[in-house]
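Colleague: output the structure for:
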Amino acid sequence: MAALAACSDTDQESVERAIQDVNAVDEANLSDVMLTVADPNEAIAYFQRTLNSNPDRIDIQRGLALSYVRAKRFTEAVPAWTRVTKHKESTANDLVDLADAQIRAGQWEAAEKTLDG
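Modeller: The predicted structure is shown next:
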């Protein structure tokens with residue numbers, strides 16, 4: 001009986017891991033949809049909700065910042081991109097995107113400083 005219970009626990013753990021993997025794939029696909037075909041304001045709402053439960057995920061932070069730009073909400077895009085650039089996994093491309101948002105928001109001097117490093 002104990003052996004059967006041990007098998008059941010292992011099976012349950014396997015099922016839970018599989019569900020987590022599927023959820024991660026679904027979430028990645030949903031993020032891609034939000035960034036490409038969804039209404040930008042709907043994408044903003046999605047990324048804001050997702051960030052509430054996953055505040056350290058840089059991909060979600062980037063998605064929010066990109067969505068602000070797509071929605072032409074440039075003054076909100078600048079702090080979103082600033083947050084991305086302060087993340088430990090940020091890249092030089094993130095700085096370029098920050099500068100782009102700053103230029104779109106009319107912050108030319110800030111964009112120059114961003115690009116000059």
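Colleague: tell me where this protein has helices.
Modeller: With DSSP state H as the criterion, the chain has helices at 2-36, 40-53, 58-70, 74-85, 92-104, 108-116.
Colleague: pick the most deeply packed of the ones you listed.
Modeller: Here the criterion is mean neighbour count by mean count of other CB atoms under 10 Å, and of the helices of the chain the winner is helix 58-70, at a mean of 22. For glycine as for every other residue, the C-beta is placed from the backbone atoms N, C-alpha and C.
Colleague: right, and Thr82 touches Leu98 too?
Modeller: Yes. Between Thr82 and Leu98 there is a contact under CB atoms under 8 Å: 6.2 Å.
Colleague: give me the pLDDT for Leu51.
Modeller: Looking at Leu51, its pLDDT is 94.
Colleague: which ones are touching the closest residue to it other than its chain neighbours?
Modeller: Of all residues not flanking Leu51 in the chain, Ile60 sits nearest, at 5.3 Å (CB to CB, 6 or more residues apart in numbering). Listed by CB atoms under 8 Å, 6 or more residues apart in numbering, the contact partners of Ile60 are Ser31, Phe47, Thr50, Leu51, Asn54.
Colleague: switch the cut-off to 6 Å
Modeller: Counting by CB atoms under 6 Å, 6 or more residues apart in numbering, Ile60 touches Phe47, Thr50, Leu51, Asn54.
Colleague: pLDDT below threshold where in this structure?
Modeller: Along the chain, the model assigns pLDDT under 70 to residues 1-28.
Colleague: measure the most centrally placed residue in it to Glu109 for me?
Modeller: For the chain, the residue nearest the mean C-alpha position is Ile60 (1.0 Å; CA atoms, centre = their mean). Per CB to CB, to the nearest Å, Ile60 is found 30 Å from Glu109.
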